[in-house]
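Undergrad: following is a predicted model, sequence given first.
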Amino acid sequence: MDETTIKETAFAMPMTSPGFPKGPYRFVNREYMILTYRTDRAALEAIVPAPLELAGDVVKYEFIRMPDSTGFGDYTESGQVIPVRYNGKPGVYVHSMFLNDHPPIAGGREIWGFPKKLARPVLEVDIDTLVGTLDYGRIRVATGTMGYKHAVLDRESVLASMHEPNFLLKIVPHVDGSARICELVRYQMSDITLKGAWTGPAALALYPHALAPVADLPVREVMGAAHILADLTLDLGEVVHDYLG
């Protein structure tokens with residue numbers, strides 16, 4: 001294989017059998033349970049990277065079912081996003097993500113810099129309750145519950161929140177172990193078809209774990225919940241800040 005071929009064909013590892021295909025990535029019937037809660041502001045200040053600014057003391061804990069995802073298949077994800085501002089405009093910082101499928105772990109980390117780790121999240125309906133759980137290995141680290149479709153949410157407000165920019169801290173190490181890439185990345189969702197959005201009473205419990213430290217952002221008060229069903233496209237990102245440049 002000559003250098004020209006390498007330059008023209010290389011996009012992911014391993015080169016001869018990449019762990020994921022090229023995008024764009026379309027998601028059909030993507031289902032969310034998002035539990036919004038207050039936490040300790042000092043804990044948020046310790047993890048949200050500048051130049052992002054905190055929007056308050058709020059965290060959104062997400063459980064997401066993705067049964068039909070281009071190139072990634074059928075998988076579930078769970079994690080925490082934090083409302084922030086960048087240049088005075090609202091967005092969210094993706095702090096942690098745990099999922100059960102290798103291609104989106106590899107693709108998410110390599111392309112955008114998603115903070116993805118392998119775990120066992122589940123989102124399902126148990127009689128009259130929407131239930132989300134996250135196990136890291138055999139250990140339960142999160143349980144969320146929500147009354148199933150108790151009330152309809154305002155469509156325009158939900159769509160506005162889904163169109164907000166998301167921010168990631170992308171880190172790629174050099175062969176000597178130092179950071180070769182350290183960037184703040186922004187991405188958004190597009191071509192969103194909102195199929196439904198509901199709310200209801202909700203509860204969230206987080207449990208300490210050394211390698212899945214979701215409880216480091218403790219639950220002080222559950223403020224609300226959203227159950228969303230939508231089709232959407234995950235857009236590729238852009239670098240908005242280079243920490244090494």
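TA: Here it is on my side, so go on.
Undergrad: who does Thr36 bridge with?
TA: In this entry, Thr36 is beta-bridged to Lys60, Gly224, by DSSP bridges.
Undergrad: do you know how far it is from Ala225?
TA: Thr36 sits 7 Å away from Ala225, going by CB to CB, to the nearest Å. Where C-beta positions appear, they are placed from N, C-alpha and C, glycine not excepted.
Undergrad: these two: who's more crowded?
TA: Per other CB atoms under 10 Å, whichever of Thr36 and Ala225 has more neighbours is Ala225, with 25 against 18.
Undergrad: residue contacts, that one?
TA: Ala225 makes contact with Met33, Ile34, Leu35, Thr36, Met146, Thr199, Gly200, Pro201, Ala202, according to CB atoms under 8 Å, 6 or more residues apart in numbering.
Undergrad: pull out the buried members of the residues you listed.
TA: Among the contacts of Ala225, those buried by neighbour count (16 or more other CB atoms under 10 Å) are Met33, Ile34, Leu35, Thr36, Met146, Thr199, Gly200, Ala202.
Undergrad: nearest to Cys182, of these?
TA: Distance to Cys182, by CB to CB, is smallest for Ile34 among the buried ones among the contacts of Ala225, at 28.7 Å.
Undergrad: quick check, that closest one in contact with Ile228.
TA: Yes. Using CB atoms under 8 Å, Ile34 is in contact with Ile228, at 7.1 Å.
Undergrad: between the two ends of stretch 17-33, how far is it?
TA: End-to-end span of stretch 17-33 (CA to CA, to the nearest Å): 34 Å.
Undergrad: and of the buried ones among the contacts of Ala225, the nearest to Leu118?
TA: The closest of the buried ones among the contacts of Ala225 to Leu118 turns out to be Met33 (CB to CB; 20.7 Å).
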